[in-house]
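Peer 1: what's the 3D shape of this:
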Amino acid sequence: MLHMHYYQKFAIIGFSIGLVPIILGITGLTTSNWISINHNGSSSIITYGLFQKFPNETIQHEDLTSFEICQYFEISGYVLLILGVFIGILCTELFYKRNIQFISPIIIMIGTILIFIGLLLYIKNLVEMTYDNPIENIYFGYSMILMICTNITGCILTVYFSFVAGYIHRHILSTVNIY
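Peer 2: Numbers count the residues shown, from 1 in each chain. You can find the predicted model right below:
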């Protein structure tokens, strides 16, 4: 019969939870339906992605060069989130040291903060870009909703790997004989 140690179970659970933001994030970053805006007096809807603008629901697009900071924060936050998940799984499974266990939650937390900052800067840049033309309706697209879900599951992963690190830390201390 296969016997699994508690840290192996933690690694499997962390991998299962970690797949969710990885899949949601790659889908949110690569699709182009972040925000759709309907301006006053206009019947056409302009759709904005992270990298491009699609006026009048056409295939032709314009690159969003003023959004480079947002793109940097979103992509680097996503990469840090993935890196934190894999480091968390490896540290939980392979390394049985107290201090190494706390690296993963810190990396994931930094990644989720960068994604959140990128989302805020994206909305700020979009509002500044359309300042001259009043906005009648604004619709959050599925890509932005996927990135918000990625951010939320990143927060859940930070809490999970923090509890795992604390549990392993407590387990190591309980096996140490100080007398």
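
Peer 1: check what pLDDT the closest residue in space to residue 8 that isn't next to it in sequence gets.
Peer 2: Here the nearest residue to residue 8 in space, its sequence neighbours aside, is residue 93; by CB to CB, 6 or more residues apart in numbering that works out to 6.4 Å. Where C-beta positions appear, they are placed from N, C-alpha and C, glycine not excepted. pLDDT, residue 93: 71.

Peer 1: look up how far residue 13 lies from residue 93.
Peer 2: Distance check for residue 93 against residue 13: by CB to CB, to the nearest Å, it reads 12 Å.

Peer 1: quick one, what contacts residue 65?
Peer 2: By CB atoms under 8 Å, 6 or more residues apart in numbering, the contact set of residue 65 is empty.

Peer 1: helices of this structure, residue ranges please.
Peer 2: In the chain, the helices defined using DSSP state H lie at 6-30, 68-93, 103-129, 142-175.

Peer 1: list the buried ones in the first one?
Peer 2: Read it as helix 6-30. Neighbour counts over helix 6-30 (16 or more other CB atoms under 10 Å) mark 7, 10-11, 14-15, 17-18, 20-22, 24-25, 28-29 as buried.

Peer 1: could you do the third one as well?
Peer 2: Buried positions in helix 103-129, judged by neighbour count with 16+ other CB under 10 Å: 103-116, 118-119, 121-123, 125-126.

Peer 1: next, the angle from that helix to helix 68-93.
Peer 2: In terms of direction (axes from the mean of the first three to the mean of the last three CA atoms, to 10 degrees), helix 103-129 departs from helix 68-93 by 160 degrees.

Peer 1: for helix 103-129, name the packing helices and strands.
Peer 2: strand 35-39, helix 68-93, helix 142-175 (3 or more CB pairs under 8 Å, 6 or more residues apart in numbering; DSSP states H and E).

Peer 1: was I right about residue 32 contacting residue 51?
Peer 2: Yes: with contact taken as CB atoms under 8 Å, residue 32 and residue 51 are classed as touching, separated by 7.4 Å.

Peer 1: excluding its backbone neighbours, what's nearest residue 75?
Peer 2: Take residue 75 and drop its neighbours on the chain: the residue closest to it by CB to CB, 6+ apart is residue 29, 6.8 Å away.

Peer 1: check contacts around that neighbour.
Peer 2: Residues in contact with residue 29 (CB under 8 Å, 6+ apart) are 50, 74, 75, 78, 143, 147.
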